[in-house]
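> sequence plus predicted model, see below.
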Amino acid sequence: MNSGIRVRFAPSPTGYLHIGGARTALFNWLFARKHHGTFILRIEDTDRERSTPEAVATILDGLRWLGLDWDEGPFYQSERLAAHRQLAEHLLAAGHAYKSYETKEELEAMRQAAEAAKQPFVFRGRILSPAEEAQLTAQGIPYVVRFRVPRTDGAVTFHDLVHGEQTKRYADIEDFALLRSDGSPLYILSNAADDIAERVTHVIRGQDGLANTPKQLLIYRALGVPEPTFAHLPLILDGKRAKLSKRKHGERATVQFYQAQGFIPDAFLNAIALIGWSPGDNREILSREDMIAAFDFAQVSRTNGIFNLPPADQPLADPRQFTDPKALWLNAEYLRTLPLDRLLPMVQAQLETAGLWKPAFATGDGQAWFARTVDVIRERFRTLVDFTTYGRAYFDDTFDIDPEAARKNLRDPRLATWLPELADTLEPLPDWTAEAVEAALRDFAAAREVKAGLFINAARVALTGQSVGPSMFEVFVLIGRERSCARLRATGQRLMAEAPASRDAAATS
RNA sequence: GCCGCUAUGGUGUAACCGGUUAACACGCCGCCCUCUCACGGCGGAGAGUACGGGUUCGAGCCCCGUUAGCGGUACCA
């Protein structure tokens, strides 16, 4: 049952999908889904220099990753220029527009004069007779087609779903250009024309479009076509309340960055949904279905929202704090709570990208092992990429020992001989279970009159390269008998190889 | 220059469209759990609402001014 509601997301292809754009797409999508409407994708690609196929593909890929499926489109604005010009001709013929022959220099001089007089500059061009127009055109004087704002007292009034009632007097609206002197249409016209062609019922866009809405409504009314309802969304700014941009913030302002960094799409949507909207009941974790059910313009804020990025010009104090803290927390929440059968394919894709995936993880016992391992280690991770970095040791033999971890837990010189001995003790265990390994390790420690913690923490570094992780006896099981013992021996040998140099140095001094 | 919007704990937001304990989450602190680090459980600190006026019995919420931020104002999109 289609409600007749039609909304659209209409990005310009700039080379990346902006976080703010993704948020606008999301609110359009939520509104369409909540009200059983139609979500239209339109690419506003009239800036032909910037609108490369790669730039378009980036937007489409970003929307697909987010799972924001469109029902119609993508439509390309550049394919409709003739229709836009036709609309302008229609407005000309009906007297709602005129040819304006003023030059840019003349306009600039007027603007500066008004500024000097501290007056607003509201351009009103001379409206010529057809004979005058013909004469100037015959002389080859270029002209712009401008909308003829009514000269009467009056105002454009409309109700914005977020900002409420808006009024702008005709006297405060300049005669704005519809067509450039080369005949190409301007954004104001193209944007409205496509909304009309697509029979858009609700224009849901960023707040930067609010001030231009009275002009667009004048076009609708001059054409005598149905007007959409407007909802203007708060912008997304950085922690210093400056605009988010790739130029200023780098990749962190782009949706692709979060995909590459191992964000879960639902978590990312949840994070950006809460920028400028709240469900009304203090909930922070919302599934798509939750958001669809709860979405309401009454809870969309007029306040510009903040996506808190670390300063771009300084190295990160903590590499794990690479973006908005709340977004990171949400992604970690999703990692911990997502049903395993949804998480496993995501981890597999990440391991494949990192070159760590092995077919054995997908067959027989390996499948069960893979699921178990992911389930145990996910609790300490914030992104999917963490499985390939902090969790690398579980999936591959090539992993780095964290220098800090080694400094902290491999200091005792006796470990050089004890770790291989521990391997000798564990390797013949009849059963390789957490309980069996624990019992054997504690006996091993007791026999040497040291605390078990010494071996537990050393083994953690030897087996995983990290000083932190799941319970160590579970780790022994996950890494397996063969790999555990090999890594204990390798670490012992490494310590042995390092120790003689230290003693020689001590003897010299 | 002119017009519009915004300003609430360290961070992000909320607060019956004025009612008399300013809420939630993250982060922070303490305890429990604990082989490490997490997760989880229990508890705690922290804003009196940018600044200055006004209206009102009563204002975070209404009005005025200031400061700051954002947006619009182009033959930009």
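Great, that's in hand. Quick caveat: nothing in here was measured; it's all calculated off a predicted structure.
> below-threshold pLDDT in chain A: ranges please.
A:500-509 (pLDDT under 70).
> what about the strands in it?
A:6-9, A:38-43, A:72-76, A:97-100, A:144-147, A:155-160, A:164-169, A:177-179, A:202-206, A:229-233, A:236-237, A:305-306 (DSSP state E).
> next, the buried residues of stretch A:455-474.
Neighbour counts over stretch A:455-474 (16 or more other CB atoms under 10 Å) mark A:455-467, A:469-470, A:472-474 as buried. Every residue, glycine included, has its C-beta placed from N, CA and C.
> okay, the strands of chain A in TSV with mean neighbour count and distance to A:L384 next?
Below are the strands of chain A laid out as TSV (neighbours: other CB atoms under 10 Å; distance: least, CB to CB, whole Å):
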stretch	mean neighbour count	distance to A:L384
strand A:6-9	25	26
strand A:38-43	22	27
strand A:72-76	16	28
strand A:97-100	22	54
strand A:144-147	23	51
strand A:155-160	15	39
strand A:164-169	12	42
strand A:177-179	24	48
strand A:202-206	22	30
strand A:229-233	22	29
strand A:236-237	20	24
strand A:305-306	18	25
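> CA atoms of stretch A:243-251 as CSV?
Taking C-alpha atoms only, stretch A:243-251 is exported to CSV below (Å, rounded to 0.1, in the frame of the first residue of the first chain):
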residue,chain,number,x,y,z
LYS,A,243,31.6,22.9,8.7
LEU,A,244,32.6,19.3,8.1
SER,A,245,34.6,19.0,4.9
LYS,A,246,37.1,16.7,3.3
ARG,A,247,39.3,19.7,2.6
LYS,A,248,39.5,20.4,6.3
HIS,A,249,39.0,17.0,8.0
GLY,A,250,40.3,14.7,5.4
GLU,A,251,38.8,11.3,4.9
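> and that stretch with RNA strand B, contact?
Yes - Stretch A:243-251 reaches RNA strand B (CB under 7 Å from any atom of the strand) through A:K243.
> quick check: residues of the stretch 351-500 of chain A near RNA strand B?
Counting by CB under 7 Å from any atom of the strand, the residues of the stretch 351-500 of chain A close to RNA strand B are A:379-380, A:452-453, A:456-457, A:460, A:467-474.
> redo that, cut-off 6 Å
Contact residues, the stretch 351-500 of chain A versus RNA strand B (CB under 6 Å from any atom of the strand): A:379-380, A:453, A:456-457, A:460, A:467-473.
> check the stretch 151-300 of chain A too.
So the stretch 151-300 of chain A meets RNA strand B at A:176-177, A:180-181, A:186-187, A:207-208, A:211-212, A:235, A:237, A:239, A:241-243, A:275, A:278, A:282, A:284 (CB under 6 Å from any atom of the strand).
> closest to RNA strand B out of the residues of the stretch 351-500 of chain A next to RNA strand B?
The closest of these to RNA strand B turns out to be A:S471 (CB to the nearest atom of the strand; 2.1 Å).
> surely A:N304 touches A:R241?
Yes - using CB atoms under 8 Å, A:N304 makes contact with A:R241 at a distance of 7.3 Å.
> compare these two (neighbour count), which wins?
Shown here are A:N304 and A:R241; by other CB atoms under 10 Å, A:N304 has more neighbours (17 against 9).
> contact partners for the more buried one?
Counting by CB atoms under 8 Å, 6 or more residues apart in numbering, A:N304 touches A:Q207, A:P234, A:L235, A:I236, A:L237, A:R241, A:G276.
> my guess is A:A271 contacts A:A327. True?
Yes - if you go by CB under 8 Å, A:A271 and A:A327 touch, sitting 3.9 Å apart.
> picking up where we left off before, what about the buried residues of stretch A:455-474, which are in helices?
Taking DSSP state H as the definition of helices, the buried residues of stretch A:455-474 contribute A:455-464, A:472-474.
> from those residues, which is closest to A:A114?
The nearest member of these to A:A114, counting by CB to CB, is A:T464 at 69.6 Å.
> excluding its backbone neighbours, what's nearest the closest one?
What sits nearest to A:T464 in space, not counting adjacent residues and going by CB to CB, 6 or more residues apart in numbering, is A:A393, at 4.3 Å.
> got the contact list for A:V475?
A:A459, A:R460, A:L463, A:T464, A:G469.
> the first one reaches A:M472, doesn't it?
Spelled out, it's A:A459. Yes - at 6.1 Å, A:A459 and A:M472 qualify as touching, with contact defined as CB under 8 Å.
> and A:L343, how far is that from RNA strand B?
Remark: distance between A:L343 and RNA strand B (CB to the nearest atom of the strand, to the nearest Å) = 15 Å.
> count of neighbours near the nearest residue to that residue once chain neighbours are set aside?
Closest residue in space to A:L343, ignoring its immediate chain neighbours: A:V374 at 6.5 Å, by CB to CB, 6+ apart. Other residues within reach of A:V374, judged by other CB under 10 Å, total 23.
> okay then, goodbye and thanks.
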